[in-house]
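[1] kindly generate the corresponding structure for this input.
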Amino acid sequence: MDSIEREKAILKELELWENELQNDSRTDFQRTYSRWLNRKLEDIPVRLKQVFYEKVDTSLFNLHSVIQNSFIQQDAKNKSSYLREL
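    Predicted structure coming up:
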C-alpha cells in the first residue's frame, strides 16, 4: 500500500509541475536571467545579504513615506483650493 501512495504523490507532483510549466509565459532569456540572478544571490555571504536587504527595506520605507506625504500634500492643496472657491 505504501508504494501506491508514493506513486500517487509522485503523480500529483508531476501534474503540478506540468501545470506550472504550462502557465509559465516567460521567454528563455527571462528564465535564464532568473536562474542566473538566483545563483548569484545565493553566492553572496549571509551577513552581506542581511545588510543589503536592510538597506533595501529602509529605502522602500522612505520611498513609501515620500509618496504618501506627496498624496497628503496634494489632497491638502485640493481641499484648500476647494474651500477658496466656496
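[2] how much space separates Q68 from A76?
    The gap separating Q68 from A76 is 13 Å, by CB to CB, to the nearest Å. The C-beta positions use only the backbone N, C-alpha and C, and glycine is treated the same way.
[3] next: E7.
    65 Å.
[4] helices of the protein, start to end?
    Remark: helices assigned in the chain by DSSP state H are 2-23, 28-43, 46-85.
[5] counting by contacts, list what the first one packs against.
    It refers to helix 2-23. Of the remaining helices and strands, none touches helix 2-23 by 3 or more CB pairs under 8 Å, 6 or more residues apart in numbering; DSSP states H and E.
[6] what does the shortest one give?
    Using 3+ CB pairs under 8 Å, 6+ apart as the contact test, no helix or strand touches helix 28-43.
[7] which residues are contacting it?
    Here helix 28-43 makes contact (CB atoms under 8 Å, 6 or more residues apart in numbering) with 24, 26, 49.
[8] just the CA coordinates of it, formatted as CSV?
    Provided in CSV are the C-alpha atoms of helix 28-43 (Å, rounded to 0.1, in the frame of the first residue of the first chain):
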residue,chain,number,x,y,z
ASP,A,28,14.0,31.5,-22.5
PHE,A,29,16.0,34.7,-21.8
GLN,A,30,13.9,35.6,-18.8
ARG,A,31,14.2,32.1,-17.4
THR,A,32,17.9,32.1,-17.9
TYR,A,33,18.3,35.5,-16.3
SER,A,34,16.1,34.5,-13.4
ARG,A,35,18.2,31.4,-12.7
TRP,A,36,21.5,33.4,-13.1
LEU,A,37,20.3,36.0,-10.7
ASN,A,38,19.2,33.5,-8.1
ARG,A,39,22.5,31.7,-8.3
LYS,A,40,24.4,35.0,-7.9
LEU,A,41,22.2,36.0,-4.9
GLU,A,42,23.0,32.6,-3.3
ASP,A,43,26.7,33.3,-3.7
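[9] and it, how far from the chain's centre?
    Distance of helix 28-43 from the chain centroid (CA atoms, centre = their mean, to the nearest Å) equals 15 Å.
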